[in-house]
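>>> show me the folded form of this:
(chains A and B)
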Amino acid sequence: MQRQVALIKQSLFDQGYLDEQFMELEELQDDANPNFVEEVATLYFKDSARLINNIDQALERGSFDFNRLDSYMHQFKGSSTSIGASKVKTECTMFREYCRAGNAEGCLRTFKQLKKEHATLRKKLEQYFQASKR
Amino acid sequence: MAEVMRSETLNISNNTSSLASPELLHVLAVDDSIVDRKFIERLLRVSSCKVTVVDSATRALQYLGLDGDNNSVGFEDLKINLIMTDYSMPGMTGYELLKKIKESSAFKEIPVVIMSSENILPRIDRCLEEGAEDFLLKPVKLSDVKRLRDSLLKAEERVFKNIMHKRELEANDIYSQLKRTKI
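Here you go, the predicted structure:
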């Protein structure tokens, strides 16, 4: 099982889903707090689901309030950075660029990609945490 | 010859160290992001600090008794050694919180560290000018926290040594007085 855990983790890093920040989080884990990283991840996915929902609604309304969208994305980028979610962070940055350029089409496209990366990361991390427990 | 010692009340200053408890720094952390709150709390705990985390500048002011309703009455015993606050927060920003703390007589001596995900030089300058102890780029590193802790503990040690030295001088002074009054 240890080998599988190591493989999942390695692929997450190799494919750029996670960066060194994730390792920093793992360094903070110890015998007294063995689930710290998973706890942070849980909080992250709960919080980002809320942000995704807010952004979805804002985009659906059709009127592009770029300031508000940028503000949501600033939060999203912040928490993604803190957990080491590298690909998601990149999409957040791109989205903010499009906001600043007032490019609605770019925002929509990037957001679609962001949701995809986010969902993939979620699934892979779930696998990783499951495997770590066995 | 009998010595008559005047019973002198030793009026040695009663300053105690401002450490929350032996060797434990008490840090107040302020961040609106739930992920970052969890992260900073862990960083501080791992660094052997006592931590209080709040989710807004307003709550930080309430905690410190600076929210106008209390005017720091009853908060004299509150021992905070460091405040770490996020810069960008809805409502009151970390910068505005910094200003309020530096304006208060009760807490202006407490070091305030600003954390931000954005490396904006004018922002950093503004914070340092307003009296921020340091400006940390997010994500905050464990080494940043340990560095802060070590420099605060050194400062506390200096204060402690000064107090002990002062007590020694006062004790010597009283001793000399007693010697002189001996009949």
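
>>> pLDDT score for the residue of chain B found nearest chain A?
For chain B, the residue closest to chain A is residue B:35, as judged by CB to the nearest CB, at 4.0 Å. All C-beta atoms are positioned from the backbone trio N, CA, C, and that covers glycine. Per-residue pLDDT puts residue B:35 at 98.

>>> can you count the residues close to it?
25 (other CB atoms under 10 Å in any protein chain shown).

>>> where is the longest helix in chain B?
helix B:142-181 (DSSP state H).

>>> where's that helix relative to the chain centroid, distance-wise?
17 Å (CA atoms, centre = their mean, to the nearest Å).

>>> and if you look at stretch B:123-131?
19 Å.

>>> coming back round to it: list the buried residues of the longest helix of chain B.
B:144-145, B:148-149, B:152, B:156, B:163 (16 or more other CB atoms under 10 Å in any protein chain shown).

>>> where does residue B:27 fall, phi/psi-wise?
phi -110, psi 130 (degrees, to the nearest 10).

>>> in this structure it contacts residue B:81, no?
Yes: counting by CB atoms under 8 Å, residue B:27 does reach residue B:81; the two are 6.7 Å apart.

>>> give me the neighbour count for the residue in chain A positioned nearest to chain B.
The nearest approach of chain A to chain B comes at residue A:79, 4.0 Å away (CB to the nearest CB). Other residues near residue A:79 come to 25 when the count uses other CB under 10 Å.

>>> shouldn't it be in contact with residue B:35?
Yes: at 4.0 Å, residue A:79 counts as touching residue B:35 under the criterion of CB under 8 Å.

>>> now do the shared contacts for the two.
Common neighbours of residue A:79 and residue B:35 are listed as A:44, A:47 (criterion: CB atoms under 8 Å, 6 or more residues apart in numbering or on different chains).

>>> so what touches the least confident helix or strand in chain A by mean pLDDT?
The helix or strand of chain A with the poorest confidence is helix A:2-14; it has a mean of 90 (mean pLDDT, DSSP states H and E). By CB under 8 Å, 6+ apart, the surrounding residues in contact with helix A:2-14 are A:18-19, A:22, A:124-125, A:127-128, A:131-132.

>>> so which of the residues you listed are in helices?
A:22, A:124-125, A:127-128, A:131-132.

>>> flag every residue of chain B that's near chain A.
Residues of chain B lying near chain A by CB under 8 Å from any CB of the partner chain: B:33-36, B:38-39, B:42-43, B:46, B:88, B:117, B:138-139, B:141-142.

>>> same thing but at 6 Å, please
Within chain B, the positions near chain A by CB under 6 Å from any CB of the partner chain are B:33-36, B:38-39, B:42, B:46, B:117, B:139.

>>> output the below-cut-off pLDDT ranges for the chain.
Going with chain A. Along chain A, segments meeting pLDDT under 70 span A:1.

>>> chain B is the one I meant
B:1-23, B:69-76, B:183.

>>> recalculate using a threshold of 80.
B:1-23, B:68-77, B:182-183 (pLDDT under 80).

>>> can you give me the helices for it?
Under DSSP H, chain B gives helices at B:34-46, B:57-64, B:94-103, B:121-129, B:142-181.

>>> tabulate these (TSV), appending distance to residue A:63.
Formatted as TSV, the helices of chain B follow (distance: least, CB to CB, whole Å):
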stretch	distance to residue A:63
helix B:34-46	29
helix B:57-64	30
helix B:94-103	30
helix B:121-129	30
helix B:142-181	41
